[in-house]
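> Provided below for reference: sequence and predicted model.
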Amino acid sequence: MFDRFITFRARQQPHAVAVSGMRGDISYQRFEADIDRFAAGLAALEPSGLVAVQLADPYLHCLALLAFARLGVPTASYAAGHDRLMLPLLRPELVIADAPGPEPRDAAPMPRIVPISTDWVEQTLRCPPVPLPRPTLDPDGLARVVTSSGSTGVPKKLAMSWRRIERTALRIVFLNAASHALSRLMSAIGVESGAFSVALSAWAIGGAVLFGPQDPAQLAAALPRLSPRGLVMAPIQLRMLLDVLPPGFLPMPELWIGVSGSHTPRAVRQAARARLTPNLLVVYASTEGGATAEAHAAHLEGDDAAVGWVLPWATVQIVDRDGRVLPTGELGQIRVRGEEVVEAYLDDADATARQFRDGWFYPGDLGRFGEDGMLRVEGRVDDVMNFGGEKLLPRTIEDAALACAGVLDAGAFVMPDAAGISTPWIAVVRGEGFAEPALAQALRLPGLPPVYVAWVDRIPRNALGKVQRDMLQQAATKLKGGA
């Protein structure tokens, strides 16, 4: 169903640019024809049930998703190299991929895997576009299966209806109504990681979607040439982009950056507004709950935990462990309810019971409301550290480290010492200008035992930029460092 956004724009503005990338500028007229071509080619495979798509070229990936939608076939997406993890989770009946999939493991059933070759693509795109009859679909029927890993790194899957996907795209239009960001949009988040709804929102208003480089250094070099009006990123991607901006990079005042997912540190927000663009939107969002709160970064100055005001379609409460609503200003668990919130995980009753209760989704975040109505996210429920009764959140340690010159990234975690007593650790990525004495001084926090430091090349994070602390803990015996 959501392919009808492109059909409408192809009729209304056939020669406007819909996609710009390695294949040059592609008009809405050609985009619509390419979807029909792909739909005819993929229909010959007689798809049924869920189809998983793994195509590295983002244009071809989107073509496949839109073509299957035109056929009324639900889809899922995953990135190259994740076959052994994602296919047992998704359990598709058909896989469309750049290359043959993995060999069967044990007796686990394998889906039908169809490699899509370059020759097939080029031949299909040369065929005359022949529109196929469109099926009548239940708006609340299954359209997409998407995955979410939260902060645990353990993927879970959710069902998205045709209605929900279209509604999500139109609500992204609402979020960007004043910025014109969707008129020429680029996403640093891959199509398989959740950027498809953002692309749909641009096509819904007749905007152009730019497919550019994912590497931060290449993206920094390409931004002035590509001139996007909107750029969608996770917080860690924004930080990495700032770290590799070339000397003499001129700010782009026409650019709007939307950053969503995990916490965006105040220092990163300030650097982005000074070095890239003053137009920075911060969105508190999750795969399960959709966009929940938003604010321009200018409204968040001086408040490192603030994430924005609750959006009109969401209801947010701060509750204690027993589900009692807490007064304004008190710290507790965040829970979310609304039309954008899914009801459960697929095939995972335990995870559903933990995070969905009585119509509410519990994202696992700790937060509070300010007197001004601003939602503040202080950390993760599972991340609370307890050292002899002294409780604090990892971000307290991370923010202290990140405030030091030359610290590029940091992730705090807990490890038992030789006596089995919990001790604070922080993994640190060092860069130019780093001074170890300054870090040691910054980590002398009141009421906290000595913090052990491990030097690493990178901090493991999920697609939304959340630190994967379990991976740091598992690798702690190999990390080198000292008190």
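Alright, I've got the coordinates.
> so which helix or strand takes in the closest residue to Gly329 other than its chain neighbours?
In space, not counting the residues next to it along the chain, Gly329 is nearest to Arg368; the distance is 6.0 Å by C-beta to C-beta, 6 or more residues apart in numbering. C-beta: built from backbone N, CA, C; applies to glycine. Assignment of secondary structure by DSSP states H and E places Arg368 within strand 365-369.
> Contacts made by that strand with the rest, please.
By C-beta atoms under 8 Å, 6 or more residues apart in numbering, the residues outside strand 365-369 that reach it are 305, 318, 326, 328-334, 375-381, 384, 393.
> Phi and psi next, for the nearest residue to Asp140 once chain neighbours are set aside.
Distances taken as C-beta to C-beta, 6+ apart put Ser161 closest to Asp140, at 4.8 Å, once the chain neighbours are dropped. Taking degrees, to the nearest 10, you get phi -80, psi 170 for the backbone angles of Ser161.
> Just list the residues touching Ser161, thanks.
Pro139, Asp140, Gly141, Leu142, Ala143.
> out of those residues, which is most surrounded?
Ala143 (25 neighbours; other C-beta atoms under 10 Å).
> tell me, how many neighbours does the residue nearest to Gly329 end up with?
Other residues within reach of Arg368, judged by other C-beta under 10 Å, total 19.
> start the count at 41, not 1, going forward
Yes, from this point I'll number from 41; that puts the last item at Arg408.
> Point out where this protein drops to low pLDDT.
Residues of the chain meeting the criterion pLDDT under 70: 140-148, 189-193, 233, 302, 428-431, 502-505, 517-523.
> tell me the domain ranges of it?
The chain breaks down by automatic domain parsing into domains covering 64-177, 178-423, 425-522.
> Make TSV out of these and add distance to Phe48.
Rendered in TSV, the data for those read as follows (distance: least, C-beta to C-beta, whole Å):
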stretch	distance to Phe48
domain 64-177	9
domain 178-423	9
domain 425-522	31
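> re the thing from before, need the contacts of Ser201 in CSV (columns: distance to Val491).
Listed next are the contacts of Ser201 as CSV, based on distance: C-beta to C-beta, whole Å:
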residue, distance to Val491
Pro179, 53
Asp180, 51
Gly181, 52
Leu182, 48
Ala183, 47
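> coming back round to it: show me what the residue nearest to Asp180 is bridged to.
Leu182 (DSSP bridges).
> Now do it against Met41, distance only.
9 Å (C-beta to C-beta, to the nearest Å).
> so what's in contact with those two at the same time?
Residues touching both Ser201 and Met41 (C-beta under 8 Å, 6+ apart) are Pro179, Ala183.
> one step back: which neighbours in the sheet does the strand holding Arg408 have, and how are they oriented?
The partner list of strand 405-409 in its sheet, established with DSSP bridges, is strand 372-378 (antiparallel), strand 415-420 (antiparallel).
> Over to stretch 310-330 now: how far is its first residue from its last?
Stretch 310-330 has its terminal residues 26 Å apart, counting by C-alpha to C-alpha, to the nearest Å.
> Tell me the gap between it and the middle of its chain.
The chain centre lies 12 Å from the centre of stretch 310-330; the measure is C-alpha atoms, centre = their mean, to the nearest Å.
> ok, now which ones touch Ala109?
Residues in contact with Ala109, defined by C-beta under 8 Å, 6+ apart, are Met41, Phe42, Asp43, Thr115, Ala183, Trp202.
> surely the third one meets Arg110?
In other words, Asp43. Yes - applying C-beta atoms under 8 Å as the test, Asp43 and Arg110 come out as touching, 5.0 Å apart.
> in the stretch 291-440 of the chain, which spans are helices?
All helices of the stretch 291-440 of the chain, identified by DSSP state H, counting those that start in this stretch, fall at 306-315, 389-395, 434-442.
> Against which helices or strands is the last one packed?
This means helix 434-442. Based on contacts counted as 3 or more C-beta pairs under 8 Å, 6 or more residues apart in numbering; DSSP states H and E, the elements that helix 434-442 packs against are strand 415-420, strand 447-456, strand 462-470, helix 476-482.
> Repeat the analysis, applying 10 Å as the threshold.
For helix 434-442, the contact count by 3 or more C-beta pairs under 10 Å, 6 or more residues apart in numbering; DSSP states H and E identifies helix 306-315, strand 415-420, strand 425-427, strand 447-456, strand 462-470, helix 476-482 as packing neighbours.
> cool, and the shortest one?
Helices and strands touching helix 389-395, as assessed by 3+ C-beta pairs under 10 Å, 6+ apart, comprise strand 196-201.
> If you count neighbours, what's buried in the helix or strand just after the strand it packs on?
Sequence-wise, the next helix or strand downstream of strand 196-201 (DSSP H and E) is helix 202-215. Neighbour-count burial for helix 202-215 flags Trp202, Arg203, Arg204, Ile205, Glu206, Arg207, Thr208, Ala209, Arg211, Ile212, Leu215 (criterion: 16 or more other C-beta atoms under 10 Å).
> same deal with stretch 348-355?
Gly348, Trp349, Val350, Leu351, Ala354.
> quick one, what contacts the last one?
When you say that, I think you mean Ala354. By C-beta atoms under 10 Å, 6 or more residues apart in numbering, Ala354 lies in contact with 324-325, 329-333, 376-381, 415.
> likewise the second one?
By C-beta under 10 Å, 6+ apart, the contact list for Trp349 reads Tyr324, Ala333, Glu334, Ala335, His339, Val356, Phe409, Asp412, Gly413, Met414, Leu415.
> Alright, I will stop here.
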